[in-house]
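Chemist: Here you go, sequence then predicted model.
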Amino acid sequence: MIEAWYSRIHGANPNIAMGVPLDHVPYILQHDRFHVGLKPAAVLRKLAVIIRADELIADLEHDSEKEKLYGMFFKSLLSIEKRLGFVLTLRVQQKHVRLNVWQRILNMCRDVVTIFEKEGARVRIQFVYNCEEPLRVPKYDMYPALKYPESDWRQDAIRFFDTVRPSHYSDPIP
């Protein structure tokens, strides 16, 4: 039963239904919540991680040394032991959409994503608009920008955002 809870950790708490905040990942992966000697990193089969882009970029603009700290948060994902078949979802949450900061965030997680994929994990990375109703917001697939940074992903993102209704709901404009 405890293994089942850990395998579904991303939806176990309504406060983290969208995922675990990036800065909580090291704790979540190493802390034995039930005190039974079971390390979550050994049994997790999927995990959604929230990257709060506005906060992360503000931190980096204020203190460039924080890039090492955020890199450590990403690297802590490598403590996940069973990567074959693992599902890792990275959600870049942003209220003030600034495409020019996406590449910096993607560069920070690229090595970890590459390792996960080489070891048989399925990785998704998506933009999620930061608002009060997380299930009814536009979600944009950022994976092409991660895998092919030299591609025309910015134009694709602009086209996507041009089709989103101003109310930030996921229905396209009629």
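Modeler: Perfect, I can see it now. Numbering: from 1, shown residues only.

Chemist: C-alpha from now on. contacts and neighbour counts both.
Modeler: Fine.

Chemist: Give me the buried positions along the top helix by length along the chain.
Modeler: Longest helix in the chain, counting residues (DSSP state H): helix 102-118. Neighbour-count burial for helix 102-118, counted by 16 or more other Cα atoms under 10 Å, picks out 102, 105-106, 108-109, 112-113, 116-117.

Chemist: can you tell me the average pLDDT over stretch 130-142?
Modeler: In this model, stretch 130-142 has an average pLDDT of 73.

Chemist: for stretch 104-121, same thing?
Modeler: 95.

Chemist: Please identify the next secondary structure element, helix or strand, after the lowest-mean-pLDDT helix or strand in the chain.
Modeler: Lowest by mean pLDDT, DSSP states H and E among the helices and strands of the chain is helix 2-7, with a mean of 57. Once the chain leaves helix 2-7, the next helix or strand it forms, by DSSP states H and E, is strand 20-21.

Chemist: how distant is that following strand from the center of its chain?
Modeler: Strand 20-21 sits 8 Å away from the centroid of its parent chain (Cα atoms, centre = their mean, to the nearest Å).

Chemist: Report the buried residues of the helix or strand that it is followed by.
Modeler: Toward the C-terminus, strand 20-21 is succeeded by helix 25-30 as the next helix or strand (DSSP H and E). Neighbour-count burial for helix 25-30 flags 25-26, 28-30 (criterion: 16+ other Cα under 10 Å).
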